[in-house]
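> Sequence first, predicted model second:
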Amino acid sequence: MKRTVLAALATAFLSTTAFAGDVRVMWYSDGVEGEVIQDLLNRFMEENPDINVTLDNVAYKVIQEQLPIQLQAGEGPDIARVTNIKEQAGHWLDLTPYLENPDDWRENFGAQLDWMRPDGSDIIPGFMTQLTLVGGFANKTLFEQAGVEMPGQGATWDDWVDASAKVAADQELEAAFAIDRSGHRISGPNVSYGANYIGADGMPAPVDDGVKTFATKLVDWTNDGKMLKDVWVSAAGSTYRAAADDFINAAIPMYYSGSWQIANLSTKIGDMFDWVAIGSPCGTDACSGLAGGAALVAIKYTKNPEDVAKVMEFLARPEVVKEFSERTLFLPAHAGVVSDGGLEWQTEDKNVAAALGKFVEASAEVAPNAAALPAWKWANVYYGALVTRISQVMAGELTLDDAFARMDQDIADQVAQAQQ
Amino acid sequence: MRSRRPSSRPLATTLQKAGAILIAPVTAGLSLIDRPLRAWQKKTGHGGMAAVFLLPNMAIFGIFVLFPLAVNFIYSMTGGTALFLADRSFVGAQHYERLADCTNYLDTATCKDDMFWNAVWNTATFVVVQVALLTVVAMTTALILNRDLRARSFWRAVFFFPVLLSPVVVGLIWRWILQREGLLNLVVVGMGGDQTNWLTDRNFAFAAAVGVSIWAHVGFYALILLAGLQAIPKDLYEAAEIDGTRPARVFWRITLPLLAPNLLVVIVLALIRAVQVFDEVYVLTGGGPGTSTMYLTQYIYEIGFASILRNPGLAAAASIMMGGVLVVLTVMQLGLSRRNNRPGR
């Protein structure tokens, strides 16, 4: 009896305590990357039998809503794949003392390290698993069936929406296009119409004519039925909604999201129809998307920083980054891998390589105001206010003028709250 | 084929024996402490003994209810985005002032926190409409299920089944039915109608939230009313029948007055639940279109956990205010229950 009780206590203790050699990774997937990373981690464990890595595949919502609470409570996994990188930078571990060659990391991942560091710091918290760029996709088959020519280089948002509306009308589709319900997604277009979120003092600037112009267009397109209404209207607050399934189901001929959707589209669309990446349509000032990506970061509350560093070093090796990118169809963030070239995308889908090429081409067009946003502390606050208030206008709860005033107020309140 | 013989031992005896086997160790244990307990009771009186038995329950209640309540109140008086109280600054009643800052409480546009007041008025509307309809539907269901129907137990189970489902499952099922490419549109289009975006229409989304909530909970309330209906003496109905009383008059003069205590319980419980509405509506509509189905609990969740920069202090203040409403409703229920249970009523 005594032995049984002791065994039960030992089991309970084991299940709640992190031992040397245990590393937990919290991971979300847009496409097939969950399977790929598990393969790579299995290989790591073969090389390092004394380290046991557990991959917790979770929904993106968990990363967005539950991980921040865990981090605030001083808990969480040892490593996490996140997109709100800058905002939570205070929770990342500085890997510098544990890395065999920190300079190698600075050299190869240096361009994005400021995206994940607290302002003014020079720590190495992790690396980008991929670089992404916001941009659009078009259903080539639907355009061809409707006999509508796709707008070419330098086409504006109006050109694309009008052309897509013709396709939608001809093919009796739900709507002409959709943009994910995300402030991040509309910020490239806002910048294309001249928006600048960052004030001279580095703090949020009031919403300007650039924001107002594109927000007005977005509301008008929604009211006209050109933009798919459910995506932005069927949720409250700053909740994220993607319209990928509507594009995959051929309910819309044009979809504005980003390069991370390529593997998802390729897997789910298969040979149902041909699709192409179209980059970012132009505004009055630019034809800009917004760069970003998901970072793999070490969490400073880990009990096993040395083991965490070993896992991170393995995953950051050039050959591993190259394989991960080739299998997941993600653009790599490793400068060495990019300069060496020769990436062989592992897909038989003819649409993929062209789409990736288009995004690489579009990355050269990112406007300076957009390029500054990934490393700006208040970007997510701005994005959240945009989504919440524009959705209310689309639902008929606010006028655009009221919404703009509320956006400024929301941003100011959140900044004040964060500084208390 | 073996014939089924009646057991020589009656079932009740078997159960009693089984119970005795289970209870024996407990009674043996109690007999050990019986003498010291009696001695202590003699010394302290009955009140002290009651306190001893209440202590474990009070400890659990204190740890899991009173302590979090106190912490929540402290949170509501602090600012910042940190979770550790030590990292939070004292801001006094700032959050309460922000929530109460309104020029005209009926016009949410004049409120500093318009989202909060949108949620308050949405909740108030939901509570009034949902509770009224739920009571009527539950009463009708109970009256029907109380009749001598064929397969009555089956029908009772059918109405009770949704109560067993998780609210998230309820929300998902109805979302699949009502969404743009859902079952309802499939039927509408199949019958030659136009596909409609039901959940992006403000009025329909509200109606859907009310309807789904009623569907999910009506079985529980109908069961309470059914129990009340079955407790009404049959001879009253027989006497009314002999007198030739019309069915409507029987309902108003016999059924309703005798069902009043159960009806009261139903209304107050439904009110409390309606104020707390969250999960099934959150899954169904996400609070949209706009903020038209965003209720108070979702507001607290969004501000405290889901928004880009969380504001635990503001969420705590809003939850304290909502808790105040629930306390009023609970006190009301207790008062009315006591009045109904008074001798002579």
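Structure's in. What do you need?
> what does the stretch 1-150 of chain A put close to chain B?
Contact residues (C-beta under 8 Å from any C-beta of the partner chain) of the stretch 1-150 of chain A with chain B: A:64-65, A:68-69, A:72-74, A:84, A:87. The way it works is simple: take the backbone N, C-alpha and C, and place the C-beta from them, glycine included.
> which of those residues count as buried?
A:64-65, A:68-69, A:72, A:84, A:87 (16 or more other C-beta atoms under 10 Å in any protein chain shown).
> Mind checking which of the residues you listed land in helices?
A:68-69, A:72 (DSSP state H).
> Run through the bridge partners of the residue nearest the centre of chain A.
Nearest to the geometric centre of chain A sits A:Gly293, at 4.8 Å (C-alpha atoms, centre = their mean). Under the criterion DSSP bridges, A:Gly293 forms beta bridges with A:Leu131.
> so it touches A:Thr132, yeah?
Yes: with contact defined as C-beta atoms under 8 Å, A:Gly293 counts as touching A:Thr132 (4.6 Å).
> Give me the common contacts of the two.
A:Trp260 (C-beta atoms under 8 Å, 6 or more residues apart in numbering or on different chains).
> Burial check on B:Leu225, number of neighbours?
23 (other C-beta atoms under 10 Å in any protein chain shown).
> List the contacts of the nearest residue to it once chain neighbours are set aside.
What sits nearest to B:Leu225 in space, not counting adjacent residues and going by C-beta to C-beta, 6 or more residues apart in numbering or on different chains, is B:Ala142, at 3.7 Å. If you count contacts by C-beta under 8 Å, 6+ apart, B:Ala142 has them with B:222-223, B:225-226, B:228-229.
> what about B:Ala142, distance to chain A?
Counting by C-beta to the nearest C-beta, to the nearest Å, the separation of B:Ala142 from chain A is 35 Å.
> B:Leu223 versus that residue, what's the distance?
Remark: distance between B:Ala142 and B:Leu223 (C-beta to C-beta, to the nearest Å) = 8 Å.
> Ramachandran coordinates for the closest residue to B:Val281 other than its chain neighbours?
Nearest non-adjacent residue to B:Val281, counting by C-beta to C-beta, 6+ apart: B:Ala209, 4.6 Å away. Dihedral pair for B:Ala209: phi -60, psi -40, per degrees, to the nearest 10.
> A:Tyr197 against A:Val381, yeah?
No: proximity of A:Tyr197 to A:Val381 does not meet the contact threshold set by C-beta under 8 Å, at 9.6 Å.
> Please work out how many residues are found near the residue in the stretch 101-250 of chain B that chain A sits nearest to.
Residue of the stretch 101-250 of chain B nearest chain A, by C-beta to the nearest C-beta: B:Thr200 (4.7 Å). Using other C-beta under 10 Å, B:Thr200 is surrounded by 24 other residues.
> Could you tell me how far it is located from B:Ala132?
Counting by C-beta to C-beta, the gap between B:Thr200 and B:Ala132 amounts to 26 Å.
> go on, A:Leu71?
44 Å.
> neighbour-wise, which of those two wins?
A:Leu71 (21 against 13).
> list the contacts for that one?
Contacts of A:Leu71 (C-beta under 8 Å, 6+ apart): A:88, A:91, A:299, A:301.
> From A:Ala375, how far off is the first one?
Plainly put, A:Gln88 is 14 Å away from A:Ala375 if you go by C-beta to C-beta.
> who's more crowded, those two?
Neighbours per residue, other C-beta under 10 Å: of A:Gln88 and A:Ala375, the larger number sits with A:Gln88, 20 against 16.
> these two touch, right, that one and A:Gln70?
No: A:Gln88 is beyond contact range of A:Gln70, at 10.7 Å (criterion: C-beta under 8 Å).
> Sticking with A:Ala178, tell me its helix or strand.
strand A:177-179 (DSSP states H and E).
> Please enumerate residues in contact with that strand?
Strand A:177-179 is contacted from outside by A:160-161, A:164, A:185-186, A:189, A:218, A:221, A:226-228, A:231-232, A:243, A:246-247, A:252-257, using C-beta under 8 Å, 6+ apart.
> swap in stretch B:299-312?
Applying C-beta under 8 Å, 6+ apart, the contact partners of stretch B:299-312 are A:64-65, A:68-69, A:72, A:84, A:87, A:236-239, A:380-381, A:383-384, A:414, A:417-418, B:75, B:81, B:83, B:88, B:115-116, B:119, B:278, B:282, B:287, B:294, B:314-316, B:318-319, B:322.
> Try it again at 6 Å.
For stretch B:299-312, the external contacting residues (C-beta atoms under 6 Å, 6 or more residues apart in numbering or on different chains) are A:65, A:237-238, A:380-381, A:384, A:414, A:417-418, B:75, B:81, B:116, B:119, B:314-315, B:318-319.
> repeat for stretch B:101-121
Contacts for stretch B:101-121 (C-beta under 6 Å, 6+ apart): B:98-99, B:291, B:294-296, B:299.
> Any chance of TSV for those residues, columns distance to A:Ala333?
Listed next are those as TSV, based on distance: C-beta to C-beta, whole Å:
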residue	distance to A:Ala333
B:Arg98	41
B:Leu99	44
B:Thr291	38
B:Met294	38
B:Tyr295	42
B:Leu296	43
B:Tyr299	38
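> Give me every residue in the stretch 101-250 of chain B lying close to chain A.
Residues of the stretch 101-250 of chain B lying near chain A by C-beta under 6 Å from any C-beta of the partner chain: B:180, B:197, B:199-200.
> okay, who's weakest in those residues by pLDDT?
Sorting these by pLDDT puts B:Asn197 at the bottom of the list (84).
> Let me know whether that residue touches B:Glu181 as I believe.
No: with contacts counted by C-beta atoms under 6 Å, B:Asn197 stays clear of B:Glu181, the gap being 10.2 Å.
> ok, the two, which is more surrounded?
Comparing B:Asn197 with B:Glu181 by other C-beta under 10 Å, the one with more neighbours is B:Asn197, at 20 against 15.
> Counting neighbours, what do you get for the closest residue in space to the more buried one that isn't next to it in sequence?
Ranked by C-beta to C-beta, 6+ apart and with sequence neighbours excluded, the top spatial neighbour of B:Asn197 is B:Arg180, at 5.3 Å. Counted by other C-beta under 10 Å, the residues lying close to B:Arg180 total 19.
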